[in-house]
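Engineer: next input, structure requested:
(one chain, ligands or ions: 1)
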Amino acid sequence: MGDEDDEFECETPTIPARTAFRRFWPLTKGLRRWLLLVWLCTVLAALAETEAILLFGDLTDHALQKGSPAAFWSPALKWLGIAVLGALVAYAGNSLAAWATERFVMRLREHVFDHVQQLPPHFFQRHRQGDLLSRLTSDVEAIETMVVSGLVGAASAAFSALFYAAAAFWLRWDLAAATFVLAPLFWLAARRFSGSIKDVSREGRVADGAITSVVEEALGTIVLTQAYDRRDAERRRLHEEATAWFRASVRSARLNEAYEQLVQVIETVCVLAVIGIGAWEISTGRMTLGELLAFAAFLGYLYPPVRGLAQLGLTVTAATAGAERLIEILDAGPSVTDPRHPADTGRPDGTVEVRDVTFRYPGADDTALEGLSFAVRPGELVIVTGPSGAGKSTVSKLLLRFYDPDAGDVLLDGTPLRDFPLARLREYVTLLPQETLVLHDTVRANIACGRPGASDQAIEEAARAADAHDFIVRLPDGYDTPVDSHSARLSGGQLQRLAIARAILRDAPVLVLDEPTTGLDAMAARRVVKPLRRLMAGRTTIMITHDLNLAPDADRILVVDRGRVVETGRHDELLARGGAYARLHRSQNGAVMDTGELRMPLWEDQRARQPDHTPRYGQPEHPDQHGQPAPTYPHGQPTQTYPHGQGFEAYAPAGAWAQPGCEPCGNMPAYLPDGRPLFREEQAWPGS
Ligand SMILES: Nc1ncnc2c1ncn2[C@@H]1O[C@H](COP(=O)(O)OP(=O)(O)OP(=O)(O)O)[C@@H](O)[C@H]1O
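Structural biologist: Residues are numbered from 1 along each chain as shown. The predicted model follows:
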C-alpha cells in the first residue's frame, strides 16, 4: 500500500494529450449520438455556406458586372433561403453542442467528486483543500475543451477545411494548388508554440490552485489573522501565489497573441498570392471577376477551420495540463474497498476485538501501531488514553475501517471488519469525531443525517436525550433553523450535543468517541457529560481521550504509548499501580481546568484538605440564596477574577455545588463568590 500511496506526494505526472483523451472518453457514453448530430449540423451549415458563396459568384458575374437587375432576384432569393436554413441548422447544432458539453462537465465533476469522497484521510492531509477545489472546478472545465468541444470542433473543422479546399480545387485547381503550398506554414506555427503553451498552462493551473488554497486557508483562520494582526503575512502569501499566476497568465496571453498574429501574416501572404495570380488570370481572360471573388471567399472560409484546427491543438495541449491534475486524483485509490464476499451477519452485539494490530500510515517511516491488542465486550466502556502521538486516533480510524491494518485484525462480533460491507459497518460503528461536523442545513437535517428518513418525533426524542431540545426550540425557527460549521448561532457545546443527538438517532451498537470533551470549556464539557452517558448506555464504547474525568466510569482503561498498550486496568488499579496512567492522571490534574461534575474527585480532595469545610478566607458576611453562608475573600473583597480552574476551586464555597437547570449534582458549586450564578442559562441565539 505504501508504494501505491507514495504518489500522493509526487509531482503531478505529465501525460500526452492522447492518453488524457482516452482516459476521459468513456465519460461521453450516451452523449456520442448527440455529438454526431452536432457534427452533422456543422456539415449542413458548411454546405449552406458553400452554396451561398457560389450564389455570390453568380450574382457578381450576372447581376453586378452586367448591371442587370433582372438577374438579381432569383439568386438573391435562393441565397436568402439558404441563409435562413443555415442559421436554423447552426442554431440547433450550437445549442445541442452546449447541452452535450455541459452535460459532460457535470458528469465528469460528479465522477471526480464521488471518487474524492472515498479517498483516505491522509490524502486530504497531503493535499491543500483549495487546490482540490480548483481541480474540481476549473480543471474539470478544461477537460471538456479537450474531450467534447475539442473532438467536435476538430471533426467539424477538419470537415469544413476539406470541403472548402475541395470547392476551391473544383473552382480552379491550379490556383488552389498554388495557395495550398503555403498551408504547412500553419502547422509549423502551431508546432512551434504548443510546447510553451502547455508549460505555461500547467504553471497557471498550479498557481490557480494555490491562490484558492491561500484564500480558503486565510478565511478559515480569520480569527488568528485578526487577533495576531497577520494581515500583512497573509497578503504576502496571496501576493506570492498571485504573482506566479499573473506571470503565467500574461505569458500565456502573449504566446496566444503571438501565434494569432503569425497566423494572420501567413493568411495575408496566401490572400496576396491569390490576388496576384487572379489578376494575372483575369488579364489573360482565363478567369472572370466573379470566379476570383468566389475563390477568394472560399479561401476566406477555409482559413478559419484551418486556423481552428491548429488553435485546437494548442487548446487541447493546454487542457492536458488540467487533465494531468485530475488524473492524479483519479489514480489515488481508496485505502479500503467493499469485500467481494461480504459476511452475512445481522446486527452485531458489539464485541470488539483488536488483535495484534500493526499499522503504518501510507508513506510514513514509522509504524503508528505495533502489535496492539485489546477486546471490549458488549456494553462496556473502554477508555484509550496516552500521550500525544501515541496512536489513539489511529485506533479510531481502524475501528471505522478508514484503513486496514498491515498485520493483525480488527473484529466485530468475531468477524473481521474487512468482511463487512462498508456502508453496513458504518451503520454498526458510529464515530463521534473530535471536531463537531455540521452540515450546511437545518438543525433537523443535521440530526436526521444520523438515520435518514427518521420521523420528526424520533428526531425530537434524540434531541431531548442529548439535552439539545431546549436550546433548539429557542432558536428563531426551532428545528428548522439553518446552521453551518461557522455558525455563531450555536456554541461548541451545543454543536457537540447536536452531534450526540445524531449519534443517538443512529443507534449503533458500537460507539467510537474521539476526544468528546476536548475543545469545550469547563461548563460546556459538563453539560455534555449527561447526554454522553445516555448515548453510551447499553453500547460498546471506545472513548479516545486525554480527559480522564470519565475514567472512573470505564470498565477498562488502555494506556497507549508509541502504538502499544503499556498499561491496562481499571482507574483505581492503575492509580494504585503508580505507573504511566498515574503519571498521566497527575499531570492532567495539575494542568487542566475544572470541568465541573467530571472533576468530583478533585473537589473532594479539596474538601478533604479542609476537614471543617470552612471557606478558606474567613467567615461569610451574608447567607446566599441557598441559606449557605457566602464566603468572604482576602481583605473582605469578593473576587471576580478566576485565572484558571484551580483558582476557582480555591474560592468555591463548600457545599454550594448545585447546577441550575440540572438535577442536583452533589457538592458542586452553583454560584460565583460574588453571588452570581456559576452557570448562566444558555443563550440559544446571541442577541435574541
Ligand atoms: N496521515 C498520517 N501520515 C503519517 N503519519 C501519521 C498520519 N497521521 C498520524 N500519523 C502519525 O501516527 C502516529 C499516531 O498518530 P495519532 O494521531 O494516532 O496519535 P494520537 O495519540 O491520537 O495523538 P493526539 O493525542 O495528539 O491526537 C503519530 O506519530 C503521527 O505522527
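
Engineer: hey, let's count contacts and neighbours off CA atoms from now on
Structural biologist: Will do.

Engineer: OK, contacts around Ala45?
Structural biologist: Counting by CA atoms under 8 Å, 6 or more residues apart in numbering, Ala45 touches 86-87, 89-90.

Engineer: can you tell me the SS state at Gly371?
Structural biologist: Counting by DSSP: H, G, I helix; E, B strand; the rest coil, the backbone at Gly371 sits in strand.

Engineer: near the ligand, which residues of this protein?
Structural biologist: With CA under 6 Å from any ligand atom as the criterion, the chain meets the ligand at residues 122, 361, 364, 368, 388-394.

Engineer: which of those residues fall in helices?
Structural biologist: Counted as lying in helices by DSSP state H, out of those, are 122, 392-394.

Engineer: which of those sit farthest apart?
Structural biologist: Using CA to CA, those reach their maximum pairwise distance at His122 and Lys392, which is 15.8 Å.

Engineer: ok, which stretches of the stretch 451-600 of the chain are strands?
Structural biologist: With DSSP state E, counting those that start in this stretch as the definition, the stretch 451-600 of the chain shows strands at residue ranges 482-483, 510-514, 540-544, 556-561, 564-569.

Engineer: which stretch among those comes nearest Gly408?
Structural biologist: Smallest distance to Gly408 across the strands of the stretch 451-600 of the chain (CA to CA): 13.4 Å, for strand 564-569.

Engineer: distance-wise, check Trp187 relative to Arg307.
Structural biologist: Distance, Trp187 to Arg307, using CA to CA, to the nearest Å: 9 Å.

Engineer: tell me which of these two has more neighbours.
Structural biologist: Each of Trp187 and Arg307 has its neighbours counted (other CA atoms under 10 Å); Arg307 has more, 20 against 17.

Engineer: what sits against that one?
Structural biologist: Taking CA under 8 Å, 6+ apart as the contact definition, Arg307 lies against 186, 263.

Engineer: please report the distance of it from the ligand.
Structural biologist: Applying CA to the nearest ligand atom, to the nearest Å, the value for Arg307 to the ligand is 49 Å.

Engineer: ok now the helix or strand that residue falls within, how far from the chain's centre?
Structural biologist: Assessed by DSSP states H and E, Arg307 sits inside helix 289-331. Distance of helix 289-331 from its chain centroid, counting by CA atoms, centre = their mean, to the nearest Å, is 34 Å.

Engineer: re earlier: in helices only, show me the contacts of Ala45.
Structural biologist: Using DSSP H, 86-87, 89-90 are the members of the contacts of Ala45 that sit in helices.

Engineer: reformat these as TSV; add neighbour count.
Structural biologist: Below are those laid out as TSV (neighbours: other CA atoms under 10 Å):
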residue	neighbour count
Gly86	21
Ala87	14
Val89	20
Ala90	19
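
Engineer: any idea which of those residues is closest to Glu328?
Structural biologist: Using CA to CA, the ones in helices among the contacts of Ala45 come closest to Glu328 at Ala90, 37.7 Å.

Engineer: from Leu47, how far out is the closest one?
Structural biologist: With distances taken as CA to CA, Ala90 is found 11 Å from Leu47.

Engineer: one more: Thr28?
Structural biologist: Here the criterion is CA to CA. By it, Thr28 lies 27 Å from Leu47.

Engineer: more crowded one of the two?
Structural biologist: Using other CA under 10 Å, the more surrounded residue of Thr28 and Leu47 is Thr28, with 20 against 17.

Engineer: surely that one and Phe104 touch.
Structural biologist: Yes - assessed by CA atoms under 8 Å, Thr28 is found in contact with Phe104 at 6.5 Å.

Engineer: if I look at the two, which residues touch both of them?
Structural biologist: By the contact definition CA under 8 Å, 6+ apart, Thr28 and Phe104 are jointly contacted by Val148.

Engineer: right, and Val357 touches Leu372 too?
Structural biologist: Yes - using CA under 8 Å, Val357 makes contact with Leu372 at a distance of 4.8 Å.

Engineer: mind listing what's buried along stretch 89-105?
Structural biologist: Of the residues in stretch 89-105, 89-90, 93-94, 96-97, 100-101, 104-105 count as buried by neighbour count, 16 or more other CA atoms under 10 Å.

Engineer: quick one: Val483 from Val438, how far?
Structural biologist: To Val438, Val483 is 8 Å away according to CA to CA.

Engineer: do the same with Thr42
Structural biologist: As judged by CA to CA, Thr42 and Val438 stand 50 Å apart.

Engineer: alright, calling it a day.
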